[in-house]
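# Fold the stuff below for me.
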Amino acid sequence: MRVHFIAIGGAAMHNLALALRKKGFYITGSDDEIFEPSRSRLSAEGLLPEQFGWYPDRITRGLDAVILGMHARKDNPELLKAQELGLKIYSYPEYIYEQSLHKIRVVIGGSHGKTTITSMVMHVLSRLGMDFDYMVGSQVDGFETMVRLTEEAPVIILEGDEYLSSPIDLRSKFLWYKPQIALLTGIAWDHINVFPTWESYVETFNKFLTSMPSGAYLTYFEEDETLNLITKQHQDKIIEPYSTHPNLLKDGVSFLNTQNGEVPLKVFGEHNLQNISGALNICKQIGISDQEFYATIGSFKGAAKRLQTIAETDSSRVFLDFAHSPSKLKATTKAVKDQFTNRKLVACMELHTFSSLKKVFLPQYAHSMDVADVAVVYFNPHTVEHKKLEPVSEQEVFDAFENPKLKVYTDASKIVEFLKTVEYKNCNLLLMTSGNFDGVDLKGLAKELLIKK
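Numbering: from 1, shown residues only. Model prediction:
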């Protein structure tokens, strides 16, 4: 099979390219810019384009498939050439579906927690020696790539994203997968550029449930009022709610209460205790016993940028987290504060996504960081301009959060200066972003903050 990737440098795209290369496919690709770690990983496999840019002459009738990434535009020269030649053009979720038609498809979706639950399920199956394929939205400890596709694996575990499939396919990615087994964590308005109203956002999850075959299994978090409502419309499915797993906290460590005793965890937070319950339900559907699940989940350390410890001393810790939406900020800050009740919490987040920087969406952030002792928000006005959004002022951001303790910065160097003034004895720092604070070396900064005299 000869497959060409338009915009091969994306996180999902380059991992799919690597997976297909490992499967024995002949892979080519183009992009106008490729950053790390995609660049090094593609280069190591001989898949890094020799020149950056778009080259229509690379598109020929000899290609079996063209996979189109979200970074490309509808007028991309290579896309136009592929359309002219009548080649089969896929979005990456469509192609993954095509490659998994003969498998049991398990999809983990929802506005938050889907990467973590997908990673938990992968961790358990891997520790038990099961053969499975997967696609996950973050690097997971013990897994070389974020995508695996084989002929042999009977099951595929898929993180189900509700964002667009491609520039020419405006359906949510997860609508492609048609899973026999699925999980939804909850619904909290996001991606306002695609779903301009709350109703339109909820509807795409309703469509997801409709896309599942009759008799399919769905588990969902029972305290989500919206899911309680829409699941009632899908009585042709087998529906099983889940809740927060019974637990206790001892000496800063969370334990699961189980019929066979207490299971210590390496992760923490109420949201992760909910995630574990959901992961347990999914694993049971795949044939994993409760005993097998509990014997393996205790060693799960979390996915990259999901409450990831990047520096630590006896009395302080710096966490890096992907949280950027209001519901994620609230859950993540609460988790750290509840776990370390005797430590001050400095919570620092970056407004980086289209939704988070859109003026009409900002009020959704009200009180989302109130549990932090020090709350800091950063945004770059140039990012707002680049996304062609209405300008946002520091005062408007301050007002939206409704937190009198909030500090707002628009210069990354200023936020670094401020963080260097904090005393980190008996103090945790939580860095939350889907970006990188405009190029700040966050791991280097974290170590510097904790060793400063």
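
# mind listing the strands for the stretch 251-400 of the chain?
Under the criterion DSSP state E, counting those that start in this stretch, the stretch 251-400 of the chain contains strands at 253-258, 261-264, 308-312, 316-321, 344-350, 374-378.

# Not counting its own residues, what contacts the first one?
Residues outside strand 253-258 that contact it (CB atoms under 8 Å, 6 or more residues apart in numbering): 245-249, 262-265, 267-269, 272-273, 276, 290, 294, 297-298, 339. For every residue, glycine as well, the C-beta is placed using N, CA and C.

# So among those residues, which ones count as buried?
With burial judged by 16 or more other CB atoms under 10 Å, the buried subset of the contacts of strand 253-258 is 245, 247, 263, 265, 267-269, 272-273, 276, 294, 297, 339.

# Out of these, which is nearest to residue 313?
Nearest to residue 313 among the buried ones among the contacts of strand 253-258: residue 339, at 16.2 Å, using CB to CB.

# isn't that closest one right up against residue 269?
Yes. Contact status for residue 339 versus residue 269: in contact at 6.5 Å, counting by CB atoms under 8 Å.

# ok now stretch 276-290, how far from the chain's centre?
The chain centroid and the centroid of stretch 276-290 are separated by 21 Å under CA atoms, centre = their mean, to the nearest Å.

# Sketch out the low-pLDDT regions of the stretch 151-300 of the chain for me.
Within the stretch 151-300 of the chain, no range satisfies pLDDT under 70.

# Now do the helices in it.
For the stretch 151-300 of the chain, the helices defined by DSSP state H, counting those that start in this stretch occupy 198-211, 225-231, 270-286, 290-297.

# Now the first one: buried residues?
The reference is to helix 198-211. Those would be 201-202, 204-206, 208-209, 211, for helix 198-211 by 16+ other CB under 10 Å.

# any chance of those in TSV, plus distance to residue 224?
As requested, the buried residues of helix 198-211 are arranged in TSV below (distance: CB to CB, whole Å):
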residue	distance to residue 224
201	13
202	11
204	15
205	10
206	13
208	14
209	13
211	19
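
# If we only consider those, which is nearest to residue 235?
residue 209 (10.7 Å).

# The closest one: what's it in contact with?
Counted by CB under 8 Å, 6+ apart, residue 209 has contacts 218, 230-231, 233-234, 237.

# 6 Å - rerun?
By CB atoms under 6 Å, 6 or more residues apart in numbering, residue 209 lies in contact with residue 234.

# Just read off the phi/psi values of the nearest residue to residue 31 once chain neighbours are set aside.
Ranked by CB to CB, 6 or more residues apart in numbering and with sequence neighbours excluded, the top spatial neighbour of residue 31 is residue 9, at 4.1 Å. With angles defined as degrees, to the nearest 10, residue 9 sits at phi -80, psi -10.

# And residue 300, by the same measure?
Residue torsions, per degrees, to the nearest 10, at residue 300 are phi -70, psi 130.

# Could you find the closest non-adjacent residue to it?
Excluding its sequence neighbours, the residue lying closest to residue 300 (CB to CB, 6+ apart) is residue 123, at 4.7 Å.

# Tell me how many other residues crowd that neighbour.
By other CB atoms under 10 Å, the residues close to residue 123 number 22.

# which SS class is it?
helix (DSSP: H, G, I helix; E, B strand; the rest coil).

# mind checking pLDDT for it?
pLDDT recorded at residue 123 is 97.

# That one against residue 301, yeah?
No. Look at residue 123 against residue 301 with CB atoms under 6 Å: they stay out of range, at 8.5 Å.

# For the buried ones among the contacts of strand 253-258, give me TSV that also has distance to residue 420.
TSV is the format used below for these (distance: CB to CB, whole Å):
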residue	distance to residue 420
245	39
247	36
263	39
265	33
267	29
268	27
269	27
272	30
273	34
276	37
294	43
297	38
339	25
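
# Now flag whichever of those residues is closest to residue 43.
Among those, and counting by CB to CB, the member closest to residue 43 is residue 267, at 33.3 Å.

# now for the strands of the stretch 251-400 of the chain, which one comes closest to residue 17?
Comparing the strands of the stretch 251-400 of the chain by CB to CB, strand 308-312 comes nearest, at 25.5 Å.

# the inter-axis angle of that closest one versus strand 316-321?
Calculated by axes from the mean of the first three to the mean of the last three CA atoms, to 10 degrees, strand 308-312 forms an angle of 150 degrees with strand 316-321.

# Counting by contacts, list what strand 308-312 packs against.
With contacts taken as 3 or more CB pairs under 6 Å, 6 or more residues apart in numbering; DSSP states H and E, strand 308-312 sits against strand 316-321, helix 442-451.

# Give me the residues contacting that strand.
With CB under 6 Å, 6+ apart as the contact definition, strand 308-312 has outside contacts at 317-318, 320, 443, 446-447, 450.

# Filter the residues you listed down to just the buried residues.
The buried subset of these - by 16+ other CB under 10 Å - is 317-318, 320, 446, 450.

# ok, the nearest residue to residue 317 once chain neighbours are set aside - how many residues close by?
Leaving aside its chain neighbours, residue 317 sits nearest to residue 428 (5.1 Å; criterion: CB to CB, 6+ apart). Number of residues near residue 428 (other CB under 10 Å) recorded here: 23.

# Is residue 428 in contact with residue 315, as I believe?
No. The pair residue 428 and residue 315 fails to qualify as a contact (CB under 6 Å) at a distance of 9.4 Å.

# Kindly report the domain assignment for the protein.
2-87, 95-297, 308-451 (automatic domain parsing).

# ok so, going back, Throw the buried ones among the contacts of strand 308-312 into TSV and include distance to residue 363 and pLDDT, thanks.
Formatted as TSV, those follow (distance: CB to CB, whole Å; pLDDT from 0 to 100):
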residue	distance to residue 363	pLDDT
317	32	95
318	30	97
320	27	96
446	31	95
450	35	92
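
# Please give me every residue in contact with the residue nearest to residue 31.
Neighbours of residue 9 in contact, by CB under 6 Å, 6+ apart: 31, 34, 38.

# Go through those and single out the one with the most neighbours.
Most surrounded of the contacts of residue 9: other CB under 10 Å gives residue 31, at 25 neighbours.

# So what sits opposite it in the bridge?
residue 53 (DSSP bridges).

# and the gap between it and residue 109?
For residue 31, the distance to residue 109 equals 28 Å [CB to CB, to the nearest Å].

# can you check residue 302 too?
Going from residue 302 to residue 109 by CB to CB gives 19 Å.

# what about the two, which has more around it?
Neighbour comparison, residue 302 and residue 109: the larger count goes to residue 109, with 30 against 24 (by other CB under 10 Å).
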